[in-house]
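1. coords please:
(one chain, ligands or ions: 1)
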Amino acid sequence: MASELDVRARLQRAGQEHLLRFCAELAPGPRAALLAQLELLEPEALREHCRRAAAACARPPAPAPDLAARLRPLPPERVGCASGVAPQTRRLWEEEGFHQIALNKVAVLLLAGGQGTRLGVTYPKGMYQVGLPSQKTLYQLQAERIRRVEQLAGERYGTRCTVPWYIMTSEFTLGPTAKFFKEHDFFHLDPNNVVMFEQRMLPAVTFDGRAILEQKDKVAMAPDGNGGLYCALADHQVLEDMERRGVEFVHVYCVDNILVRLADPVFIGFCVLRGADCGAKVVEYSEISPETARLRAPGGGLLYNAGNICNHFFTRDFLQMATREFEPLLKPHVAVKKVPYVDDQGNPVKPLEPNGIKMEKFVFDVLPFAKNFVAFQVLRGEEFSPLKNADSAERDNPSTARRALLSQHHRWALQAGAHFLDAHGARLPEQPSPPGSGEPPAICEISPLVSYSGEADLASHPEPRGWIPGHHDLLVSRDWRCTCEAGSSGPHSSWTWTRPGHCRPDSLLDLPAPGSPRLRKQPRPGLQGGKQAALSF
Ligand SMILES: CC(=O)N[C@H]1[C@@H](OP(=O)(O)OP(=O)(O)OC[C@H]2O[C@@H](n3ccc(=O)[nH]c3=O)[C@H](O)[C@@H]2O)O[C@H](CO)[C@@H](O)[C@@H]1O
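-> Residues are numbered from 1 along each chain as shown. Below is the predicted model:
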């Protein structure tokens, strides 16, 4: 380890010697920790970082760029659409995507280094569960979608294939995420195919360019934004790992969209067939002004209908260029934040006003370097419901995320030919609940292991997946579980999907987990506030 003298010399070069001002009074342990942290900060880079942060902040606020005047709609030939295209075109894209997956050429990459401040949790957002009947977390839903898409591709091409899962974490999220995955047995994925790596952290800086001490023995650090991906890929030789596995196409996505379709074959296929090096899924969701948002195209549709949802396609070749050539050209974004610090007497202070600057790069900042960028429009109700805020906010909160998923599953069940019955066996109305319209008329959660995007036609399936011959009155599968409540004030019941059709209350039988010897019978908690319903085909 470097001596205090060495570290002091390095900090002098960076103009940041004040970071050692409490060093002399620290006990050996904290002092060693501080020196170890400071040793990692490369002097020239630190000097430049602090200078740039202060300069960016000192710049008089630029006149608001006239976004409306600079915006141009995407040329139609660069835009694809998940719905509203001819079914054979969509099938063609999907087939291409499955083919690439079956060839082991597709990976998914999760950006999970963020801190979930707005949601108000201290643990990684992926560990959050929004209150589904299954109590699955975002990480589990994502893991199961990977397993299902591998299975679907494998079945089509008579092969076993792998979609490796790369997870970018940060100092805040790596430890808890790795522990959570281990505790959950990697959700039955092969741990060799789950690759976690860590993005860099950068010091928070005062308005006059001094790195901030959060505690006497600790510099205030923050992840370098989700555009830190490009440095992190290089730091941890992630692209080399992809190359070894034969991965050519990467689906990069953010952690909080409960409806995210990992390695979506339709999106992948569309991008591959268009020869794209970069792609982005888009929905009508944007931060542009209401006036601009209302502008209409000649055909009557919205002129600007392509909001970014942090859901990207990249070729591995493009990522390689991004890490080598484009990353140094990316301009950091400045965020002015309240950063806890120690004052000159060494007292911890929680500022009430913003006092510090955090510098971040964004994952989409590389898009201008693309040679062939494409956008792919998807339906918001089917593919985008982000978990950003606590329930006290009006939108993008746990309740809206839960409702979005359950409404989708209700629609899927109806499409698959299911009927929902009330306590007296009468059918519930069968209008699919339009996206965003509150609770669905019946609560029905479908496991991603059973259906990735609404497929699995149970009605015509002679032996539904997971069906155990000889157990006609048991459930179809652990995952075709339908959980309903017998009235909001009455006792809760769990209902199973049974064959040929009706849900049975009060009992739920799980298929054995792989390797376990026999069926287990488990009571399940019901849901608050659901409607009484059963399900039949
Ligand atoms: C910069 C970026 O992509 N912005 C997108 C992000 O906004 P938004 O402002 O919501 O971005 P977040 O801060 O939630 O970050 C998005 C993702 O990046 C990850 N993360 C963030 C910071 C970091 O240092 N490391 C890291 O891995 C987060 O864990 C998350 O998975 O999602 C919105 C849709 O939901 C999009 O409309 C925004 O265009």
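
2. Quick one: residues contacting the residue in the chain positioned nearest to the ligand.
-> Nearest to the ligand in the chain, going by Cβ to the nearest ligand atom, is Gly114, at a distance of 2.7 Å. Backbone N, C-alpha and C define where each C-beta goes, glycine included. Taking Cβ atoms under 8 Å, 6 or more residues apart in numbering as the criterion, Gly114 is in contact with 125, 170, 173, 223, 226, 254-255.

3. What is the nearest of those to Pro368?
-> The closest of the contacts of Gly114 to Pro368 turns out to be Asn226 (Cβ to Cβ; 16.6 Å).

4. what's the burial count for that closest one?
-> Neighbouring residues of Asn226 were enumerated by other Cβ atoms under 10 Å; the total is 24.

5. that older thread, near the ligand, from the contacts of Gly114?
-> 170, 223, 226, 254-255 (Cβ under 6 Å from any ligand atom).

6. Next SSE downstream of the longest helix anywhere in the chain?
-> The longest helix of the chain (DSSP state H) is helix 138-157. The element immediately downstream of helix 138-157 (helix or strand, assigned by DSSP states H and E) is strand 165-169.

7. Compute the distance between the residue of the chain closest to the ligand and Gln88, please.
-> From Gly114 across to Gln88, the span is 40 Å (Cβ to Cβ, to the nearest Å).

8. what do you get for Val450?
-> Distance of Val450 to Gln88, computed by Cβ to Cβ: 26 Å.

9. quick one: which of these two has more around it?
-> Set side by side, Val450 and Gln88 show more neighbours around Val450, with 22 against 7, by other Cβ under 10 Å.

10. Just to be sure, that one is in a helix?
-> No - residue state for Val450 (DSSP: H, G, I helix; E, B strand; the rest coil) corresponds to coil; a helix is not indicated.

11. Got phi/psi on it?
-> Note on Val450: backbone dihedrals following degrees, to the nearest 10 are phi -100, psi -40.

12. circling back to that earlier point, which one (most neighbours) among the ones next to the ligand among the contacts of Gly114?
-> Counting by other Cβ under 10 Å, Val255 has the largest number of neighbours within the ones next to the ligand among the contacts of Gly114, with 27 neighbours.

13. That one and Leu111 touch, don't they?
-> Yes - under the criterion of Cβ atoms under 8 Å, Val255 is in contact with Leu111, at a separation of 6.6 Å.

14. The residue of the chain closest to the ligand: which element?
-> Secondary structure here is read from DSSP H and E; on that basis Gly114 sits in neither a helix nor a strand.

15. Please list all residues in contact with Leu213.
-> Applying Cβ under 8 Å, 6+ apart as the definition, the contact partners of Leu213 turn out to be 18-19, 21-22, 219-220, 341-342.

16. One more pass at 7 Å, please.
-> Contacts for Leu213 were tallied using Cβ atoms under 7 Å, 6 or more residues apart in numbering; they are 19, 219-220, 341-342.

17. Would you format those as a markdown table with pLDDT included?
-> Formatted as a markdown table, these follow (pLDDT from 0 to 100):
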| residue | pLDDT |
| --- | --- |
| Leu19 | 97 |
| Val219 | 97 |
| Ala220 | 96 |
| Tyr341 | 97 |
| Val342 | 97 |
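
18. before we move on, the earlier item: the longest helix of the chain to strand 165-169, inter-axis angle?
-> Here helix 138-157 runs at 160 degrees with respect to strand 165-169, directions being taken by axes from the mean of the first three to the mean of the last three Cα atoms, to 10 degrees.

19. Tabulate the CA atom coordinates of helix 138-157 in CSV.
-> As requested, the backbone C-alpha atoms of helix 138-157 are provided in CSV (Å, rounded to 0.1, in the frame of the first residue of the first chain):
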residue,chain,number,x,y,z
LEU,A,138,-37.5,-7.4,-10.6
TYR,A,139,-34.4,-9.5,-10.7
GLN,A,140,-36.4,-12.8,-10.6
LEU,A,141,-38.8,-11.7,-13.3
GLN,A,142,-35.8,-10.8,-15.5
ALA,A,143,-34.0,-14.1,-14.8
GLU,A,144,-37.1,-16.1,-15.7
ARG,A,145,-37.6,-14.2,-18.9
ILE,A,146,-34.1,-15.2,-19.9
ARG,A,147,-34.8,-18.8,-19.1
ARG,A,148,-38.0,-18.7,-21.1
VAL,A,149,-36.5,-17.0,-24.2
GLU,A,150,-33.7,-19.5,-24.2
GLN,A,151,-36.2,-22.3,-24.0
LEU,A,152,-38.3,-20.9,-26.8
ALA,A,153,-35.3,-20.4,-29.1
GLY,A,154,-34.0,-23.9,-28.2
GLU,A,155,-37.3,-25.6,-29.0
ARG,A,156,-37.5,-23.9,-32.4
TYR,A,157,-34.1,-25.0,-33.4
